[in-house]
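Here's a sequence, model it:
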Amino acid sequence: PATLGISKMKSAIACTLALAGSAAAFAPQASVPATTALNSAVPEGYDDLVGIDLESGGKFFDPLNLAQWIPAKWARETELANGRSAMLATVGWFFPYTLGTFDSQDVTSTDPMAAILEADPQWWAQFVVLCGTFEAYKYKKALEGKSYTGKGEPVVDYLKGYPAEEDERRKMEMKELKNGRLAMIGIASFLSAHFIPGSVPGLPAGF
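So this is what the prediction gives:
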């Protein structure tokens with residue numbers, strides 16, 4: 001039991017750090033002239049990125065003034081990567097609760113955190129290789145001039161859903177950012193409610 005508790009705590013810390021890495025990218029960043037949480041001026045390098053909207057009062061959101069150290073390109077890549085991972089994690093969190101588990105000899109729990117610890121090491125090895133393959137493909141296509149962060153032809157668009165018009169592309173990029181940001185907040189709340197019952201209003205204990 002003690003070992004399981006420590007493992008769960010490590011998982012929670014790792015997830016929290018991953019989510020925290022995207023905090024500075026919550027909108028288009030470089031040197032921040034002011035120290036206020038909401039700045040009307042967009043730092044150099046961030047002014048051509050989508051991301052500023054109603055949620056931040058139409059102003060650049062950088063309460064920790066991290067934009068002065070973090071390049072805009074890196075911040076946007078990080079935010080999108082974390083947002084996309086959070087969207088997948090949110091689906092994965094609800095899947096076993098609503099649809100149950102697959103026919104498996106090792107993972108039998110509908111508790112997402114317990115399932116992580118039940119998964120066979122061989123599965124984790126395959127998962128790491130799969131993620132590495134995706135990243136290598138993204139890198140290869142980026143060298144060919146394609147983009148996985150917007151502003152250019154997409155690395156993957158099998159359904160041909162990425163618009164040809166620039167304004168429609170910006171709208172789609174904004175939708176992905178907002179969904180990713182909501183998912184990051186959502187998965188953080190699920191983790192909080194899981195490890196600290198009652199910490200998130202509206203979520204039942206043991207969620």
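
what ranges of the protein fall below the confidence cut-off?
1-40, 206-207 (pLDDT under 70).

Could you pull out the helices in it for me?
Remark: helices assigned in the chain by DSSP state H are 2-20, 72-99, 112-118, 121-143, 166-195.

mind giving me JSON lines with these and columns for distance to Asp53?
Placement of C-beta: from N, CA and C, glycine included. Formatted as JSON lines, these follow (distance: least, CB to CB, whole Å):
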{"stretch": "helix 2-20", "distance to Asp53": "20"}
{"stretch": "helix 72-99", "distance to Asp53": "14"}
{"stretch": "helix 112-118", "distance to Asp53": "31"}
{"stretch": "helix 121-143", "distance to Asp53": "26"}
{"stretch": "helix 166-195", "distance to Asp53": "7"}
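
how about the ones you listed, which one is nearest Val42?
For the helices of the chain, the distance to Val42 is smallest for helix 72-99, at 9.7 Å, taking CB to CB.

in stretch 112-128, what counts as buried?
For stretch 112-128, burial by neighbour count (16 or more other CB atoms under 10 Å) applies to Pro112, Met113, Ala115, Ile116.

Ok, stretch 127-140 next?
Lys138.

Contacts for it next, please.
Here stretch 127-140 makes contact (CB atoms under 8 Å, 6 or more residues apart in numbering) with Tyr148, Val155.

for it, the distance to its chain's centre please.
Centroid separation for stretch 127-140 versus its chain: 17 Å, with CA atoms, centre = their mean, to the nearest Å.

ditto for stretch 51-60
The chain centre lies 19 Å from the centre of stretch 51-60; the measure is CA atoms, centre = their mean.

With stretch 160-173 instead?
Distance, centroid of stretch 160-173 to centroid of chain: 21 Å (CA atoms, centre = their mean).
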